[in-house]
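Participant: Generate coordinates for the sequence data below:
(2 chains, ligands or ions: 2)
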Amino acid sequence: MTNDNIERHVLAVLVDNEPGVLARVVGLFSGRGYNIESLTVATVSEDDSASRINLVTSGTPMIIEQIKAQLERLVPVQKVNDLTEEGPHVENEFALIKIKNSGPERREALRIADIFRARVVDTAVESFVFSLTGSPEKIASFLDLMRNLGEVEIARSGVVAIKRGKKTVIET
Amino acid sequence: MSDNIMSGADIVIKALADQGVEVIFGYPGGAVLPLYDAIFKQNSIRHILVRHEQGAVHMAEGYARSTGKVGVVLVTSGPGATNAVTGLTDALMDSVPLICLTGQVPTHLIGNDAFQEADTTGITRPCTKHNYLVKHVDELSGVMHEAFEVAKSGRPGPVVIDLPKDVQFAESKYLSPEEISQRHYFDKVTGDSEKISEAIELIATAKKPIFYIGGGCINSGTAACKAIADLVRITGYPATTTLMGLGAIPSSSPQWLGMLGMHGTYEANLAMHGCDVMIAVGARFDDRVTGRIDAFSPNSKKIHIDIDPSSINKNVPVEIPIIGDVGEVLSQMLKIWDQKAPNVDSKALKKWWSEIDDWRAVNCLKYDQGHEPNDTIKPQYAIERLYELTKDKETFITTEVGQHQMWAAQFYKFEKPNHWMTSGGLGTMGYGLPSAIGVQVAHPKSLVIDIAGEGSTMMNIQELGTMAQYNLPVKVFIINNEWLGMVRQWQELLHGGRYAESYSAGLPDFIKLAESYGMTGMRATHPDEVDDVIRRMVDEPGPVIADIVVSKEENCFPMIPGGAAHNEILLGLNESQEQTQSEDGMVLV
Ligand SMILES: Cc1ncc(C[n+]2csc(CCOP(=O)(O)OP(=O)(O)O)c2C)c(N)n1
Ligand SMILES: [Mg+2]
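Facilitator: Ligands and ions are numbered 1, 2, ... in the order given. The predicted structure follows:
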């Protein structure tokens, strides 16, 4: 298999909210050797009966087609939407970043946080915790800068995504 | 019973009865005792006591594949469930609809490493179409009925229902299939009419067409098999079937080129290689069929009809995918074909057929059977004679896995679907004997023959006990070469004749073994004894083990070595002696 036409796709997978459903999805990916770049899951329906899995994967067009078809075979999967294919969408990620430092680096960290519109959610004598929302690229470049300024601990949510415009994933 | 309130165990049995289940293959244990109690108290469902849970699953597979119904298995928790795993995987690979009920420790002990606890839903998740852990008795009726839908619908497969012991004791209201609400799970059945029209167009203008027919056609049902046979006949085009598709169209059809793939016929494989239009019907372009994928049928446009979208464009990109039930789509196609009555290119076809006839003339399955005193029985001869002497009866064939399986596929011919049961996808040695038992349970009056290898037979030999207990007149026809023959063949062709661990010493005397179970044993050692043994075997009303002592070193040809293309097919040993296997091919199984 050649690597030249690997594409990144963002999938929104609506599933019945029942035990084991995440294991089925993750097991499918590991069992068949597909990539998961990120995966998040939370309930999204009023009665808690449905969850949405936001999944970023990569592969050749044939593999991406396989991934979607295989996901659709799972009994608790209601719907698979390929946001990358279906048109413009918004991708966002949330991160909490702790940085341990002191002296001038501490001030520099605050300055950069300001540029990125990261919020300070915790302050201690030798540390900050920043909260940051944005595209995966924005978070990555923030982290790159922070790593120069001290020891960093990161908690990232993974990508969540939604279509632009009035169409919902149910309608397409 | 008032308001249909009953125990979980009774709910299970009632649900099975309402789903039309007549027989369960199972083995008891602590975690399923309430279910066994419920079985004891009723008469509508029969239970067959097996000797090993793997056997139970293969029996249910044989039952399901020979009837088109769902097979049902019942096993206990822990080792009962883990023993069933090979059978479940086999059923998943070959799309066999099964329900496997497994006992589980009581809900409050789950996760405690309790006695005979196993994470059954965890273990079976990758080898079932779906599985359930029923944590509350109120869910039970719904789960039972949904499980049957899941097992049967779309591309069929096995479903596990894990039943904690306290749930079997607890009481709830039983709900019938009509009373439960189905969830969103369903499959597209009819095909896209635009795609179908396109397909008809392509089929009608083909110059070198071929139908490539798989087990999905048989799964779809007898109507689908009739429809494909009709379409093949009306078009006059050649057709080949996969290992799983044997019997989908009558073998007596002059348009049938035999099986394709690794041990398929020369004509089927070369026609696949050279065709310009391929019509794949319920087949999945498996690696045993395609050979080297980048050299597979390089000049053809492909139409692929399948109910499972994940089977389409998986290994081989196709021009016209049609997702839907094969039977449904074929009847749509036949209707359009009737209306349009297209003129096929008969001149091109004539040329195509003459090409095919030249390949046929090679007579790729030929073998030499001598009848001198020193001559040994050729395995091909034994199976060919078996076919000749049983073809006029309602005969069901199962097989084990190995050379004998491929010879059976080459030399036993099928006129109808559902009469051939073999482990295709998983290639499970030990499948044939129990699956023959399952077939015999479903068809008590019919002739059921397990064409076996002696090696594979040893893998589930304990099921002779099940045959004996229910006096099931299965005929175990052992092609005994004393070798794990298929392994020996690969070692001969690809590993310089270093026969590492492929000879079985210490085989039992199969006649004495049969007799120790109260069955009849017989043996043939010379070609001239074969007919007589087959006749006696068939005439014997009870179970038989026939030990057919065959040439030890016979190889199965034609053969497309792993990693080779269809047109690199080997017809015999002479050409293969020079290493034809590529480096890449060596790593393939
Ligand atoms: C459970 C299992 N283990 C191992 C294999 C690998 N295998 C494939 S064919 C074969 C030899 C089968 O020997 P036998 O049943 O005597 O059949 P023959 O090839 O001699 O006809 C083996 C070991 C397998 N298919 N299944
Ligand atoms: Mg053998």
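Participant: Next secondary structure after the lowest-mean-pLDDT helix or strand in chain B?
Facilitator: Every helix and strand in chain B was compared by mean pLDDT, DSSP states H and E; the lowest is helix B:573-576, with a mean of 61. Where DSSP states H and E defines the elements, the next helix or strand beyond helix B:573-576 is helix B:583-586.
Participant: List the contacts of that next one.
Facilitator: Helix B:583-586 is touched from outside by B:292, B:494, B:561, B:562, B:563, B:564, with contacts defined as CB atoms under 8 Å, 6 or more residues apart in numbering or on different chains. Just so you know, the C-beta spots here come from the backbone N, C-alpha and C atoms, and that holds for glycine as well.
Participant: Just to check, the third one is in contact with residue B:490?
Facilitator: No. Contact criterion CB atoms under 8 Å: residue B:561 and residue B:490 do not qualify, at 9.2 Å.
Participant: Same drill for these two, tell me which one is more crowded.
Facilitator: More neighbours surround residue B:561 than the other of residue B:561 and residue B:490, with 22 against 18 (other CB atoms under 10 Å in any protein chain shown).
Participant: and that one, that one's in a strand?
Facilitator: No. Assigned with DSSP: H, G, I helix; E, B strand; the rest coil, residue B:561 falls outside any strand and is coil.
Participant: If we ignore the residues flanking it in sequence, what's nearest the residue in chain B that chain A sits nearest to?
Facilitator: At 3.6 Å from chain A, residue B:310 is the closest residue in chain B, using CB to the nearest CB. Spatial nearest neighbour of residue B:310, excluding adjacent residues (CB to CB, 6 or more residues apart in numbering or on different chains): residue A:69 at 3.6 Å.
Participant: Check which residues of the one helix or strand residue B:433 maps to are buried.
Facilitator: Element membership for residue B:433 (DSSP H and E) is helix B:432-442. By 16 or more other CB atoms under 10 Å in any protein chain shown, the buried positions in helix B:432-442 come out as B:432, B:433, B:434, B:435, B:436, B:437, B:438, B:439, B:440, B:441, B:442.
Participant: I would like the C-alpha coordinates for that helix, written out in PDB, please.
Facilitator: Taking C-alpha atoms only, helix B:432-442 is exported to PDB below (Å, rounded to 0.1, in the frame of the first residue of the first chain):
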ATOM      1  CA  GLY B 432     -16.600 -31.000   9.200                       C
ATOM      2  CA  LEU B 433     -17.600 -33.700  11.700                       C
ATOM      3  CA  PRO B 434     -19.700 -31.500  14.000                       C
ATOM      4  CA  SER B 435     -21.200 -29.600  11.200                       C
ATOM      5  CA  ALA B 436     -22.300 -32.900   9.600                       C
ATOM      6  CA  ILE B 437     -24.000 -33.800  12.800                       C
ATOM      7  CA  GLY B 438     -25.900 -30.400  12.700                       C
ATOM      8  CA  VAL B 439     -26.900 -31.100   9.100                       C
ATOM      9  CA  GLN B 440     -28.100 -34.600  10.000                       C
ATOM     10  CA  VAL B 441     -30.200 -33.300  12.900                       C
ATOM     11  CA  ALA B 442     -31.800 -30.900  10.500                       C
END
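Participant: list the helices and strands that helix packs on?
Facilitator: Under the contact criterion of 3 or more CB pairs under 8 Å, 6 or more residues apart in numbering or on different chains; DSSP states H and E, helix B:432-442 touches strand B:23-26, helix B:53-67, strand B:395-399, strand B:420-421, strand B:447-453, helix B:454-457, helix B:464-469.
Participant: I'd like the distance from the fifth one to the chain centre, please.
Facilitator: Right, the one you point to is strand B:447-453. Relative to its chain's centre, strand B:447-453 lies at 14 Å (CA atoms, centre = their mean, to the nearest Å).
Participant: Residue B:522: which of the contacts of helix B:583-586 is nearest?
Facilitator: residue B:494 (35.9 Å; CB to CB).
Participant: on that earlier part again, the residue nearest to residue B:310 should be in a strand, yeah?
Facilitator: No. Counting by three-state DSSP, residue A:69 is not part of a strand but helix.
Participant: Contact partners for it?
Facilitator: By CB under 8 Å, 6+ apart, the contact list for residue A:69 reads B:308, B:309, B:310, B:312.
Participant: Could you check which residue of chain A lies nearest chain B?
Facilitator: For chain A, CB to the nearest CB, closest residue to chain B: residue A:69, 3.6 Å.
Participant: quick one: that residue and residue B:155, what's the gap?
Facilitator: 11 Å (CB to CB, to the nearest Å).
Participant: now swap in residue B:60 and tell me
Facilitator: 18 Å.
Participant: Looking at the two, which one has more neighbours?
Facilitator: residue B:60 (35 against 20).
Participant: Could I get the full set of strands for chain A?
Facilitator: A:7-16, A:38-43, A:50-59, A:77-82, A:89-100, A:119-124, A:127-134, A:151-156, A:160-163 (DSSP state E).
Participant: closest to ligand 1 out of those?
Facilitator: Comparing these by their distance to ligand 1 (CB to the nearest ligand atom), the top pick is strand A:50-59, with 30.8 Å.
Participant: Give me the common contacts of residue A:69 and residue B:155.
Facilitator: With CB under 8 Å, 6+ apart, residue A:69 and residue B:155 have common neighbours residue B:308.
Participant: Quick check: residues of chain B near ligand 2?
Facilitator: B:453, B:454, B:455, B:481, B:483, B:485 (CB under 5 Å from the ion).
Participant: just for the chain, where's the confidence low?
Facilitator: No chain specified, so I'll use chain A. A:1-3 (pLDDT under 70).
Participant: sorry, should have said chain B
Facilitator: B:1-2, B:184-188, B:574-583.
Participant: Tell me if stretch B:431-439 is near ligand 1.
Facilitator: No. Using CB under 6 Å from any ligand atom, we find that stretch B:431-439 stays clear of ligand 1, coming within 8.7 Å at best.
Participant: Residue of chain A closest to ligand 2, please.
Facilitator: With CB to the ion, the shortest gap between chain A and ligand 2 falls at residue A:31, namely 32.3 Å.
Participant: residues near that residue, how many?
Facilitator: By other CB under 10 Å, 12 other residues sit near residue A:31.
Participant: in the sheet, who's paired with the closest residue to residue A:13 other than its chain neighbours?
Facilitator: Spatially, and ignoring its direct neighbours in sequence, residue A:13 is nearest to residue A:53 (4.2 Å; CB to CB, 6+ apart). As for beta bridges, residue A:53 partners with residue A:13, residue A:41 under DSSP bridges.
Participant: residues contacting residue A:53?
Facilitator: Residue A:53 neighbours (CB under 8 Å, 6+ apart): A:11, A:12, A:13, A:14, A:15, A:22, A:25, A:39, A:40, A:41.
Participant: from those, which single one is nearest residue B:92?
Facilitator: residue A:25 (17.8 Å).
Participant: circling back to that earlier point, in CSV, list the residues of chain B next to ligand 2 along with distance to residue B:570 and neighbour count.
Facilitator: Below are these laid out as CSV (distance: CB to CB, whole Å; neighbours: other CB atoms under 10 Å in any protein chain shown):
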residue, distance to residue B:570, neighbour count
B:453, 22, 29
B:454, 26, 25
B:455, 24, 26
B:481, 20, 26
B:483, 20, 22
B:485, 17, 27
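Participant: The most centrally placed residue in chain B and residue B:13, how far apart?
Facilitator: Geometric centre of chain B, nearest residue: residue B:422, 4.0 Å, by CA atoms, centre = their mean. Separation of residue B:422 from residue B:13 (CB to CB): 32 Å.
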